[in-house]
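K.L.:
I would like to see how this sequence folds:
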Amino acid sequence: MMDSPTTTREPPQYPAGPDVPVANPTPQRRAELITEIEQAPALLRQAVAGLSGAQLDTCYKNWTIRQIVHHVADSHVNAYVRFKLALTEEVPTIKPYQEGRWVELDDERHGDIAVPLALLERLHVSWVRMLRTMTDGQFARTYFHPESGGKVALSTALGSYAWHGRHHTAQILWLRQSRGWDR
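P.N.:
Below is the predicted model of the structure:
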């Protein structure tokens with residue numbers, strides 16, 4: 001039996017599929033991932049287009065769509081800084097952040113999503129420009145992530161952040177489809 005748009009189904013953990021890190025992606029694959037990062041802000045903006053305040057405050061698992069939008073901007077700001085650190089320091093230790101606490105801040109629970117969307121768009125212009133000028137040697141540079149206890153190559157981080165944008169956009173698209181908001 002097919003679920004109707006009003007039927008509540010449990011959202012999938014990974015609506016865009018799980019993050020499967022690829023060590024040392026080929027230059028062609030890196031170019032594809034950079035293009036995904038370039039397109040991520042527009043795809044996220046398209047996913048939230050026309051949603052009402054009540055819809056933005058609908059949860060996908062534990063976070064609302066509004067919080068998801070803010071989170072993507074938070075995460076990608078941190079990613080940009082991590083890339084810059086790894087390009088300018090020898091295996092820097094990055095600063096993890098408490099993403100669950102960040103999305104509980106008032107600006108993220110109730111704030112206008114136009115702000116993080118604009119931030120994401122401008123950030124990605126700079127990030128993509130930097131990514132497109134990086135050499136193979138620069139993609140091999142690493143940072144140390146104290147939570148995982150290991151080094152992360154920028155080539156691997158590239159894939160993870162491309163997936164991150166797909167993942168959260170897919171969450172919003174799943175809600176739109178499952179709730180029948182596009183009808």
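
K.L.:
what's the helix ranked longest in the chain packed up against?
P.N.:
When the chain is parsed with DSSP state H, its longest helix is helix 154-179. With contacts defined as 3 or more CB pairs under 8 Å, 6 or more residues apart in numbering; DSSP states H and E, the packing partners of helix 154-179 are helix 27-48, strand 59-60, helix 65-88, helix 136-139, strand 142-145. To be clear about C-beta, it is placed using only N, CA and C from the backbone, and glycine gets the same treatment.

K.L.:
now the third one: buried residues?
P.N.:
By neighbour count, with 16 or more other CB atoms under 10 Å as the criterion, the buried positions of helix 65-88 are 65-80, 82-83, 85-86.

K.L.:
tally of neighbours for the residue nearest to residue 14 when sequence neighbours are not counted?
P.N.:
Leaving aside its sequence neighbours, residue 14 sits nearest to residue 167 (CB to CB, 6 or more residues apart in numbering; 6.7 Å). Look at residue 167: counted by other CB atoms under 10 Å, it has 19 neighbours.

K.L.:
surely residue 167 and residue 19 touch.
P.N.:
Yes: under the criterion of CB atoms under 8 Å, residue 167 makes contact with residue 19 at 7.2 Å.

K.L.:
tilt between the helix or strand that contains residue 126 and helix 27-48?
P.N.:
Taking DSSP states H and E as the criterion, residue 126 maps to helix 114-133. Here helix 114-133 points in a direction 170 degrees away from that of helix 27-48 (axes from the mean of the first three to the mean of the last three CA atoms, to 10 degrees).

K.L.:
list the buried ones in helix 114-133?
P.N.:
Applying 16+ other CB under 10 Å to helix 114-133 flags 116, 117, 119, 120, 123, 124, 127, 128, 131 as buried.

K.L.:
same list (those residues) but as JSON lines, adding pLDDT.
P.N.:
Shown next, in JSON lines, are the buried residues of helix 114-133 (pLDDT from 0 to 100):
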{"residue": "116", "pLDDT": "98"}
{"residue": "117", "pLDDT": "98"}
{"residue": "119", "pLDDT": "98"}
{"residue": "120", "pLDDT": "98"}
{"residue": "123", "pLDDT": "98"}
{"residue": "124", "pLDDT": "98"}
{"residue": "127", "pLDDT": "98"}
{"residue": "128", "pLDDT": "98"}
{"residue": "131", "pLDDT": "98"}
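
K.L.:
adding distance to residue 142, write the residues you listed out as JSON lines.
P.N.:
Listed next are the buried residues of helix 114-133 as JSON lines, based on distance: CB to CB, whole Å:
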{"residue": "116", "distance to residue 142": "28"}
{"residue": "117", "distance to residue 142": "31"}
{"residue": "119", "distance to residue 142": "27"}
{"residue": "120", "distance to residue 142": "25"}
{"residue": "123", "distance to residue 142": "22"}
{"residue": "124", "distance to residue 142": "23"}
{"residue": "127", "distance to residue 142": "18"}
{"residue": "128", "distance to residue 142": "21"}
{"residue": "131", "distance to residue 142": "16"}
